[in-house]
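J.: got a predicted structure here, sequence first:
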Amino acid sequence: MIPMYFAPGDYLFKQGEEGDCLYILEKGRIDLNVNDDDKTVFSVTKPGDLCGEHALIMNRPRNVSAKCTSPSGAGCDVYQMKALDFYKLLDESSYDLKKSMKEICYRREFQKALVVKTGKSFPSVKDLRQAFDAVDSDKHGTITVDAFVTVLKDFDATLTQEEINEIMESMTLVREGEVTFEEFKHIFGMDDDVATSI
């Protein structure tokens, strides 16, 4: 791994670039945004948090930009892990760890789609209901498979059916066929008043 420093305002990577590495945060704050605007999908804030793994796990170009947003003067200290090292680590990992990494990646795909759908940063706990309602197109209090697929395809029309199925499975849609608001909160770690970063 290669230690690196990014000043506030510097990009670690930009949307559309090919992914040849991921980043592990040591210190600072990194915001991941869709379409290079100020709509944050999620933030990397804790030592050991990752960003950039999407491109490696899904074998696709980056679909967000990562920007150091630490307070002025603080910057971001990260470790860069090259793709080959990540794949080697993943190959040597347990099935459960591989599955967890993929599930996190797939759930983040839906977060990105929500940001595009609502035009707002990924919501806090209090705003999650508004995001849920934006996807609940038939207003029946659940997100159906059809609504879910529409939101994902609006975000990225190149997603394959297999990728959509994997994303739905990570959110329990395959087994249940729909998601209630309570399940939606649980999926994104927002059962309480404090949202967790996934």
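T.: That came through, no problem.
J.: when you work out contacts or count neighbours from here on, use the C-alpha atoms and nothing else.
T.: Will do.
J.: which parts of stretch 100-113 are buried?
T.: K102, E103, I104, C105, Y106, R107, R108, E109, F110, Q111, K112, A113 (16 or more other C-alpha atoms under 10 Å).
J.: now name the helix or strand holding the first one.
T.: Yep, that's K102 we're talking about. Taking DSSP states H and E as the criterion, K102 maps to helix 95-118.
J.: K153: neighbour count?
T.: 15 (other C-alpha atoms under 10 Å).
J.: part of a helix, is it?
T.: Yes. Membership of K153 in a helix is supported by DSSP: H, G, I helix; E, B strand; the rest coil.
J.: quick one, what contacts it?
T.: Shown in contact with K153 (C-alpha atoms under 8 Å, 6 or more residues apart in numbering): L159.
J.: same question for G9.
T.: When contacts are counted by C-alpha under 8 Å, 6+ apart, G9 touches K67, C68, T69.
J.: C-terminal to the one helix or strand in the chain whose mean pLDDT sits lowest, what's the next element?
T.: Of all helical and strand segments in the chain, the minimum by mean pLDDT, DSSP states H and E falls on helix 173-176, at a mean of 55. Going down the chain from helix 173-176, the next helix or strand is strand 178-180, by DSSP H and E.
J.: quick one: contacts of whatever helix or strand L89 lives in?
T.: Here L89, judged by DSSP H and E, is contained in helix 83-91. Contacts to helix 83-91, defined as C-alpha under 8 Å, 6+ apart, come from residues G19, D20, C21, L22, L56, K98.
J.: ok, now with 7 Å
T.: For helix 83-91, contacts defined as C-alpha atoms under 7 Å, 6 or more residues apart in numbering pick out D20, C21, L56, K98.
J.: and the strands in the protein, which stretches?
T.: When assigned using DSSP state E, the strands of the chain occupy the ranges 2-6, 11-13, 21-27, 30-33, 40-44, 50-51, 65-68, 76-82, 142-144, 178-180.
J.: next, A157: phi, psi?
T.: Per-residue torsions, A157: phi -70, psi -10 (degrees, to the nearest 10).
J.: could I get the pLDDT score of A195?
T.: Reported pLDDT at A195 in the predicted model: 41.
J.: oh, and call the first residue 15 from now on, that's how I've got it
T.: In the new numbering, first residue 15, that becomes A209.
J.: pick out whichever of the buried residues of stretch 114-127 sits closest to V48.
T.: Nearest to V48, judged by C-alpha to C-alpha, of the buried residues of stretch 114-127 is K126 at 6.8 Å.
J.: what about I16, how many residues nearby?
T.: Residues lying near I16 (other C-alpha under 10 Å) number 9.
J.: surely it touches Y93?
T.: Yes. With contact defined as C-alpha atoms under 7 Å, I16 counts as touching Y93 (5.3 Å).
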